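Peer 1: structure of the sequence below:
(one chain, ligands or ions: 1)
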Amino acid sequence: MTEKTTLLTRRQILASGVALAGTIPFLPITRAAAAPEPRTAKLRLTAGTRTLDVNGKPARVFSLIGPNGKPGIRLSPGERFHVDLVNRAGISTIIHWHGQLPPWTQDGFPWPQTPPIPAGDTHSYDYAPIAGTFWMHSHQGMQEQSLMTAPLIVHSAEDMRADRQEVVLVLHDFSFRTPDELLAGLTKSNGSQSPMPKSDMGNSMNMGSGSMGAMSMGSGMVKDLNDIDYEAFLANDRTLADPEVIRAEPGGRVRLRLINAASATQFWIDLGTLTGTVVAADGFPVQPVRGTRLPLAIAQRLDVLIDLPGNGAYPIFAQVEGKRLRTGIVLAAPGAPVSRLAAVAGENAPPVDLSLERRLEAVTPLATRAPDVTHRMILAGAMAPYAWSLNGEYWPNVTPLMIDTGQRVAIEMLNHTMMAHPMHLHGHAFQVVAINGAPLAGAVRDTVLVPPMGSVTIAFDADNPGRWAFHCHNLYHMMTGMMTEVRYPAII
Ligand SMILES: [Cu+2]
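Peer 2: The predicted structure is shown next:
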C-alpha cells in the first residue's frame with residue numbers, strides 16, 4: 001500500500017495549501033523512490049474455485065487469489081515475481097503470466113518439460129518482472145474459459161510518483177454452458193442442431209440474420225464476428241445490472257488499466273463523455289493518443305489516463321463488437337448519484353479494427369535493424385467445419401518456427417480468413433512494424449489483431465531461448481488448432 005500512502009501524502013500536502021514548488025517539488029518522488037523495499041518473502045497465489053452471481057443465477061468458476069485476498073498479484077517497483085502457486089482448484093493446472101518475459105520453464109505453458117501442477121501441489125516461480133498492466137490465466141485445457149484469470153499489475157517507480165488513482169477493469173465473456181458444450185456446439189457438423197447460431201454460416205458470403213453476429217464490410221464481403229452467443233459480459237465479475245461503482249475523488253485523476261480477459265470476445269471501450277489518453281499497450285508505454293472509443297482485442301491491455309471533469313458519475317462501457325450488448329463500471333465522485341445503465345447500446349458496435357494500432361508508437365521502439373530472418377505465417381480456417389490453422393498445421397501437430405539467439409526475427413502474418421485473429425507470442429515483446437504491407441513504427445506489445453484478409457508484420461529480438469507458444473488468443477480457435485511453437489536450437 002505504498003502507492004496509497006504516497007498518494008495521500010501528496011494530496012494532504014496539496015490540501016494543506018503548501019505549494020509543491022520551490023524547495024520541495026520532489027518530496028513525493030523521494031518518498032516513492034525510497035519506499036519500495038523489495039520483499040524477500042514469497043507471495044502466495046491460490047488457484048481455486050468460487051461462486052459468482054451472474055444476473056441473479058449462481059455460477060461456479062475458477063479463481064486466482066493473491067496474498068491480499070483479491071484476484072491476482074500487484075507488485076511494487078523492483079519487487080521480484082517470487083510466487084508460490086498453490087493449486088486448490090481440485091484439478092491439475094498451469095498458469096501463464098501473459099506478456100511477462102520469464103525464462104521459458106517459468107512461462108506457465110504445459111510443455112513436456114513443464115507439466116501442469118497436480119491438484120494439491122505447490123509450484124514456485126522467481127523472476128524479474130517487467131512493469132505494466134499484465135494478466136495471468138490458465139493454459140491448461142479450457143480452464144481459462146471458466147475464468148481462471150486475474151490481473152498481474154507490476155508498478156513502476158513512475159506509477160508511484162504520478163498521483164493517480166489506479167482502476168483495473170477486467171473484461172470477461174460468460175456462459176452458463178460449459179466450455180466443452182460451447183466447443184462441441186462450434187465443431188458439430190450439423191449446424192441446424194447446434195446451439196451456436198453461427199455454426200451453419202461458415203466462411204461463406206451469404207449472410208444470416210438476427211443474432212448472426214456478422215457484419216457487412218461494405219464491399220459485399222462478410223466478416224465473421226462472435227463465434228459464441230454469450231449470456232453475459234462481465235466487468236470486474238459484474239454485469240451492468242449491478243455494476244461496480246468506483247468512487248473517485250472530485251476532479252480525480254485515474255489510471256485505467258483495461259484487460260480483455262474474454263475467451264472469444266472483442267470490445268470497444270466507450271468512455272462516454274470522457275476523453276482518455278492511451279499511454280500503454282500491453283503494458284509497454286506508447287506516445288500519448290487521445291480517444292473516447294478504443295478497440296480492445298482479446299488478451300490485449302490498454303492503460304488510459306482519465307481526468308474526471310466534475311463531480312458526477314461517469315460510466316466506462318465495454319461494448320461487444322458487432323452487437324449492442326455491453327458491460328462496464330462507473331467512476332463516480334463521492335456521493336454522486338449513479339443512475340441505472342442500459343446493458344444495450346443504441347446501435348451495434350463496428351468490428352474491432354486497427355484504427356488505434358495504426359496510431360500507436362512505442363516510447364521505446366526496437367533498435368533499427370533489418371530482420372535476419374522473416375517467417376511467413378498463413379492464418380487459415382473457417383466456421384464450418386470449425387477449425388483454424390497456422391501454415392496449414394493444427395496444434396499439436398506442428399513444425400516449430402526455428403529462431404536463434406541474437407537474431408532480429410520478423411513474422412509476417414497473412415490472414416486468409418473472414419475472422420480477425422488476436423495473435424499472441426509468448427516470451428517476447430514484439431513491435432508492430434507493418435500493417436497490410438505498409439511500414440509502421442508501431443507499439444511494442446505481446447498481442448496484435450490480424451484483421452480478416454489483412455496482414456500484420458511483427459519484429460522482435462530473439463533474446464529468450466526456449467520453447468514458446470505462438471497462438472490465436474480466441475480460445476476456441478486455439479483449441480481447434482491455431483497454435484504453433486517458436487523454438488530456439490538446442491532446446492528439446
Ligand atoms: Cu483466431
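
Peer 1: give the burial count for the nearest residue to Pro102 once chain neighbours are set aside, as a bare number.
Peer 2: Spatial nearest neighbour of Pro102, chain neighbours left out: Tyr127 (4.0 Å); criterion: C-beta to C-beta, 6 or more residues apart in numbering. Any C-beta I mention is one placed from the backbone N, CA and C, and that applies to glycine too. Applying other C-beta atoms under 10 Å, we find 16 residues neighbouring Tyr127.

Peer 1: ramachandran coordinates for Tyr127?
Peer 2: phi -150, psi 170 (degrees, to the nearest 10).

Peer 1: for it, give the beta-bridge partners.
Peer 2: Beta bridges link Tyr127 to Phe81 when assigned by DSSP bridges.

Peer 1: wait, what's in contact with it?
Peer 2: By C-beta atoms under 8 Å, 6 or more residues apart in numbering, Tyr127 lies in contact with Arg80, Phe81, Gln100, Pro102, Pro103, Gln106.

Peer 1: who wins for most neighbours among those residues?
Peer 2: Neighbour max across the contacts of Tyr127 (other C-beta under 10 Å) = Gln100, 26 neighbours.

Peer 1: secondary structure class for it?
Peer 2: The three-state label given to Gln100 by DSSP: H, G, I helix; E, B strand; the rest coil is coil.

Peer 1: and it, how far from Val304?
Peer 2: 21 Å (C-beta to C-beta, to the nearest Å).

Peer 1: how close does Thr265 sit to Ser76?
Peer 2: With C-beta to C-beta as the criterion, Thr265 and Ser76 are 32 Å apart.

Peer 1: of those two, which one has the most company?
Peer 2: Neighbour totals were compared for Thr265 and Ser76, and Thr265 leads with 29 against 20 (other C-beta under 10 Å).

Peer 1: contacts only, for Leu302.
Peer 2: Counted by C-beta under 8 Å, 6+ apart, Leu302 has contacts Thr133, Leu258, Ile269, Val278, Ala280, Ala281, Leu294, Leu296.

Peer 1: what sits opposite the last one in the beta ladder?
Peer 2: This points to Leu296. Leu296 has these beta-bridge partners by DSSP bridges: Phe267.

Peer 1: just checking, it touches Ala262?
Peer 2: No. Taking C-beta atoms under 8 Å as the definition, Leu296 is not a contact partner of Ala262, at 9.3 Å.

Peer 1: buried stuff in stretch 302-317?
Peer 2: Leu302, Asp303, Val304, Leu305, Ile306, Leu308, Ala313, Tyr314, Pro315, Ile316, Phe317 (16 or more other C-beta atoms under 10 Å).

Peer 1: for the ion, see how far away the first one is.
Peer 2: Put plainly, it is Leu302. 20 Å (C-beta to the ion, to the nearest Å).

Peer 1: what about the host helix or strand of that residue, distance to the chain center?
Peer 2: Using DSSP states H and E, the secondary-structure element containing Leu302 is strand 301-307. The chain centre lies 14 Å from the centre of strand 301-307; the measure is C-alpha atoms, centre = their mean, to the nearest Å.

Peer 1: give me the helices and strands touching the next helix or strand after that strand, please.
Peer 2: For strand 301-307, the following helix or strand on the C-terminal side (DSSP H and E) is strand 313-320. The contact analysis (3 or more C-beta pairs under 8 Å, 6 or more residues apart in numbering; DSSP states H and E) places strand 313-320 against strand 165-174, strand 232-235, strand 267-270, strand 326-332.

Peer 1: with distance to the ion and mean pLDDT added, can I get those strands in TSV?
Peer 2: Formatted as TSV, these follow (distance: least, C-beta to the ion, whole Å; pLDDT from 0 to 100):
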stretch	distance to the ion	mean pLDDT
strand 165-174	15	97
strand 232-235	19	97
strand 267-270	16	98
strand 326-332	22	97
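
Peer 1: any chance of the ones you listed in CSV, with mean neighbour count too?
Peer 2: Output for the helices and strands packed on strand 313-320, formatted as CSV (neighbours: other C-beta atoms under 10 Å):
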stretch, mean neighbour count
strand 165-174, 22
strand 232-235, 22
strand 267-270, 23
strand 326-332, 24
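
Peer 1: correct me, but Lys42 touches Phe81?
Peer 2: No. Applying C-beta under 8 Å, one finds Lys42 not in contact with Phe81, separated by 10.1 Å.

Peer 1: CA atoms only for the helix or strand hosting Val432, dumped as CSV, please.
Peer 2: Element membership for Val432 (DSSP H and E) is strand 430-435. Below are the C-alpha coordinates for strand 430-435, written out as CSV (Å, rounded to 0.1, in the frame of the first residue of the first chain):
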residue,chain,number,x,y,z
PHE,A,430,7.4,-7.6,-30.4
GLN,A,431,7.0,-4.4,-32.3
VAL,A,432,4.2,-3.9,-34.9
VAL,A,433,6.2,-3.0,-38.0
ALA,A,434,3.8,-3.2,-40.9
ILE,A,435,0.0,-3.3,-41.5
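
Peer 1: what's the first helix or strand after that strand?
Peer 2: Using DSSP H and E, the next helix or strand after strand 430-435 towards the C-terminus is strand 438-439.

Peer 1: list the contacts of the next helix or strand after that following strand.
Peer 2: Using DSSP H and E, the helix or strand that follows strand 438-439 in sequence is strand 444-445. Strand 444-445 has contacts (C-beta under 8 Å, 6+ apart) with 99, 281-284, 300, 362, 364-366, 429-432.

Peer 1: any idea whether whichever residue of the stretch 251-400 of the chain sits closest to the ion is helix, strand or coil?
Peer 2: The stretch 251-400 of the chain approaches the ion most closely through Trp388 (5.6 Å), counting by C-beta to the ion. Look at Trp388: counting by three-state DSSP, its state is strand.

Peer 1: was I right about it contacting Ala380?
Peer 2: Yes. Judged on C-beta under 8 Å, Trp388 makes contact with Ala380 at a distance of 7.2 Å.

Peer 1: the two: who's more crowded?
Peer 2: Legend: neighbour count by other C-beta under 10 Å for Trp388 and Ala380, higher for Trp388 (25 against 19).
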